[in-house]
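Peer 1: Have a look; sequence and predicted model below, questions after that.
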Amino acid sequence: MKAYNAGQRNFGENRVQELLSKKDSLPQDIQWHLIGHLQTNKVKFIIPFVRLIHSVDSFKLLLSINNEAEKVSGIVDCLLQFYIAREESKFGFSMEEVTAMLESASFKSMKNVSLCGIMGMATFTDNTEIVRNEFKYLKNCFDKLKHDYFQPSEKFTEVSMGMSGDYNLAVEEGSTMVRIGSLIFGERQQIR
């Protein structure tokens, strides 16, 4: 509420369950972003109110989002999550997977999702060159997609990269949106 009272209206959450519990107890004009991994079986719970889903990491998930949005006659803004890290615990598309998807008839028939950009999570390391190179790669992916597929789109503008520990590098490399929750709110409290 302190951030809200200071004028903040965009809030992100990593987990669907936490997003749902906060949504009903906080002011209704908050624009919620889901920034964490999303399972297809949880899509239906957030579609009616979510402003932006940062973590679309598979075509199957995008199809599910489209189908659930169609049920409520809505259009959901999404970012395609790219796998840029050197960690197997991260999720995301490769450039080849994204281009194949964008050229598919199934994607072209979707009417209830709007792609607004891309997202990536860098390797968790103190080696800034590794992180910088991953961010550069993601920005290059964005530039190529913008040029090849979204040039006429005024909506495909976001490069969501950078978190509390690496947001400075991300901004230097072209991030338009950073996820800095722990810098603002402190370390995440473990829920048991």
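Peer 2: Thanks, I have the structure now. Numbering: from 1, shown residues only.
Peer 1: Tell me the helices and strands packed up against the helix or strand where residue 17 lies.
Peer 2: Taking DSSP states H and E as the criterion, residue 17 maps to helix 16-25. For helix 16-25, the packing partners by 3 or more Cβ pairs under 8 Å, 6 or more residues apart in numbering; DSSP states H and E come out as strand 10-13, strand 31-34, helix 43-46. (C-beta placed from N, C-alpha, C; glycine too.)
Peer 1: Same list, these, but as TSV with mean neighbour count, distance to residue 75 and mean pLDDT please.
Peer 2: Formatted as TSV, the helices and strands packed on helix 16-25 follow (neighbours: other Cβ atoms under 10 Å; distance: least, Cβ to Cβ, whole Å; pLDDT from 0 to 100):
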stretch	mean neighbour count	distance to residue 75	mean pLDDT
strand 10-13	18	18	90
strand 31-34	20	15	94
helix 43-46	18	14	96
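Peer 1: Take these and write them to TSV, including distance to residue 107.
Peer 2: Output for those, formatted as TSV (distance: least, Cβ to Cβ, whole Å):
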stretch	distance to residue 107
strand 10-13	26
strand 31-34	21
helix 43-46	17
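Peer 1: right, so of the ones you listed, which gets closest to residue 116?
Peer 2: Judged by Cβ to Cβ, the one of those that comes nearest to residue 116 is strand 31-34, at 11.1 Å.
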